[in-house]
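Build me a model:
(chains A and B)
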Amino acid sequence: MTATMQPKSEAAEAPRRGKRTPGAGQNTRPRGRGLEFGHWWWALPGIALVFAIHYVATGIGGFFAFTNWTGIGAFKITGWANFAAIFKDPTKVGALSNTLFLAFGSVLLGNIAGLVIALGLNRVIKTRYILRTLFFMPVVLSPLATAYIWKFIFDFNGPLNAFLKAVGAGDQAKPWLADPQWAIWTVLVVLVWSSTGFAMVIFMAGLAGVAVEVEEAAAIDGANLWQRFRNVTLPAIRPAVAIATTLGIVQGLRVFDPIMALTGGGPAGATETLATQVYKQAFALGNFGGGAALALVLAAIILFFAVIQQRLTRSNPED
Amino acid sequence: MFRYTKLTLLREIGLWALALLFLAPFYFLVTTALKPAGELFTTSALAPPVHPDFSNFVAVLSAKGNSNVVMGLLNSVIITAGSIVGLVALGSVTGYVISRSTRRWSKAAYYLFLVAIILPGQLGAVPLYMGARALGLTGSAWGLIILYTGMLLPLSIFLYSNFFRGLGTDYEEAATIDGASKSQVFAKVVFPMMAPATGTVTIFAGLIVWNDFFTSLIFLGGSANQTLPVAMYYYIGSLVSQWNSIFAIVIVSMIPILALFLFAQKRFIQGFSGGLKG
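Here you go, the predicted model:
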């Protein structure tokens, strides 16, 4: 999904990169000689559907961000009032910092874990495909089902506390999800657990492209394990890092289902995120205008980090 | 150079230990679901059941009303399959035309789809709901299939377009010279060559639609056509800390997707890692 986040100028050139793409033949091959592929109107149903569902609906929603609409009935245009209110409300500011913490925390830990496992599975391990399947399993589960399993694990009468008691650390047992200090960390654990396998397969695909000869040469030249990783492996898998982190951040900033099922945003707003706040304001609290304003802020943040991330991790302009 | 040494064996054993720890949640899931009601609070959460039985599963499968799991399963299959068909059909045709066309609008259309991928869904949810209700699309499987197709179409088109970019036009030219019409070229030459992209779209869209909770909760709200996650949500809503019953339905909801994954795991993982390389 690299190209999603590519800056305009670069993606615009993409069609010209290939050897025989129609874009390249634009000048030499005039239209109407029977070599135009497909009828242009074949694209109309898709364009109409996407336009209606994504642009018209989002545009209307975006318009309501500047109103005091409750979701039904009449409304007044209130300008930037909803946006000003966001930064005055401690719950929403808290939701903003929680969202950033969860997105970056889960990307960092999930990618490190995924990279470590991918490096561990790389080469000569006999059961690597079985292990890969096992580590990937959480990725296919629904966020709702995953959240229920972990809710039990963190339950006061659940396995985690039972384990702590069994090893003599019973005084550390606590209702993890109801503890304002710990609740956000439990959410982070769940996010890392369900995203590690995804990062792992991206890194495994990246590592498969690293030439054995280069690694061997470095080893013969006396490079130790860390030097080999730092100077040979890492540069080669930079595109994989870019994909895994960009996707992880976009997903992490949107996090909704696991939180609703695990903590519902509680205790006392300790795990509230922008997405849960958007939902609560717009659908539960009858403040559609405020929810829409928050959704616009969320969209801007996602776009901002997706672009930055893409620029930072791009290995070279040709990529 | 990279031979199987004692160190490799150690690494392999370490990875297995890590994998078992990583999958410990599944152990709790299965052991708890097999505990009869009497054992739930008398045995440790870490211990397996003394007398395992399937009573929780029987209760889950015989639930009626909006937590009817069998109906939910059927609806989820219909909606997921319908959305995949829609996404493959529209995505392949649209992706083909916009990446092959030399006209200026095709680039604009490409960006229209790219930007749509990152627009947050919540912003459009209420207007979308009102529109769907006005058109009579809420509460029916058809409405949800159209909705999912529209929601995931940008992703599908993006994956297909990327695939076409790397594909030469030689086969299409040859078929055209041999007298095939534009639709024949697409149906008989292009579409079969797109199989890897179709696989990726199917896996992505299938997983997202199958696991989606929020959209089906809102758009099927109150109707009898619940999907599996919504049926699970309602079923669990009536249970407080009865983890054996909760986990029975979680397992039931998870079996289809896990079975499919284990059956086609190579395709799944290739779809994930390959489709995203762009």
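
and the longest helix for chain B?
Scanning chain B for the longest helix, with DSSP state H as the assignment, gives helix B:69-100.

Check which residues of it are buried.
By neighbour count on 16 or more other CB atoms under 10 Å in any protein chain shown, the buried set for helix B:69-100 is B:69, B:71-73, B:75-76, B:78-80, B:82-84, B:86-88, B:90-100. Quick note: C-beta positions are derived from backbone N, CA and C, even for glycine.

Likewise for stretch A:169-187?
So, applying 16+ other CB under 10 Å, buried residues of stretch A:169-187: A:173, A:176-178, A:182-184, A:186-187.

Stretch B:21-29 too?
Applying a neighbour-count criterion of 16+ other CB under 10 Å, one finds B:22, B:25-26, B:28-29 buried in stretch B:21-29.

Now go through those and say which are in helices.
If you go by DSSP H, the buried residues of stretch B:21-29 have B:22, B:25-26, B:28-29 in helices.

ok, and which of those residues reach chain A?
Applying CB under 8 Å from any CB of the partner chain to those, one finds that B:22, B:25-26, B:28-29 fall near chain A.

Make a markdown table out of the buried residues of stretch B:21-29 and add pLDDT.
Converted to a markdown table, these look like this (pLDDT from 0 to 100):
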| residue | pLDDT |
| --- | --- |
| B:Phe22 | 92 |
| B:Pro25 | 92 |
| B:Phe26 | 92 |
| B:Phe28 | 90 |
| B:Leu29 | 90 |
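
What is the nearest of these to B:Leu167?
Set against B:Leu167, the nearest of the buried residues of stretch B:21-29 by CB to CB is B:Phe22 (38.3 Å).

low-confidence ranges in chain B?
Scanning chain B with the threshold set as pLDDT under 70 gives B:1-2, B:65-67, B:222, B:274-278.

Grab the most central residue of it for me.
Centroid check for chain B by CA atoms, centre = their mean gives B:Leu207 as the closest residue, at 1.1 Å.

Phi and psi next, for that residue.
Main-chain dihedrals, B:Leu207, degrees, to the nearest 10: phi -60, psi -50.

Contacts only, for it.
A:140, B:257 (CB atoms under 8 Å, 6 or more residues apart in numbering or on different chains).

Next one: it from A:Asn111, what distance?
For B:Leu207, the distance to A:Asn111 equals 21 Å [CB to CB, to the nearest Å].

next one: A:Gly265
26 Å.

For burial, what's the neighbour tally of the closest residue to B:Phe54 other than its chain neighbours?
What sits nearest to B:Phe54 in space, not counting adjacent residues and going by CB to CB, 6 or more residues apart in numbering or on different chains, is B:Leu34, at 7.3 Å. Residues within reach of B:Leu34, counting by other CB atoms under 10 Å in any protein chain shown, total 21.

pretty sure B:Leu34 contacts B:Val50?
No - B:Leu34 lies out of contact with B:Val50 (CB atoms under 8 Å); the separation is 10.3 Å.

quick one: low-confidence ranges for the stretch 101-250 of chain A?
Low-confidence regions of the stretch 101-250 of chain A, defined here as pLDDT under 70, do not occur.

Kindly list the longest helix within chain A.
Determined from DSSP H, the single longest helix within chain A is helix A:90-121.

That one: how far from the chain's middle?
9 Å (CA atoms, centre = their mean, to the nearest Å).

by contact count, what packs against it?
helix A:81-88, helix A:128-140, helix A:183-208, helix A:238-253, helix A:274-279, helix A:288-313, helix B:6-22 (3 or more CB pairs under 8 Å, 6 or more residues apart in numbering or on different chains; DSSP states H and E).

let's see 7 Å
With contacts taken as 3 or more CB pairs under 7 Å, 6 or more residues apart in numbering or on different chains; DSSP states H and E, helix A:90-121 sits against helix A:128-140, helix A:183-208, helix A:238-253, helix A:274-279, helix B:6-22.

and it, which residues are buried?
Residues of helix A:90-121 classed as buried: A:92, A:94-96, A:98-107, A:109-111, A:113-121 (neighbour count, 16+ other CB under 10 Å).

Could you give me the buried positions within stretch A:216-235?
In stretch A:216-235, counting by 16+ other CB under 10 Å, buried: A:218-219, A:223, A:228-229, A:232-233.
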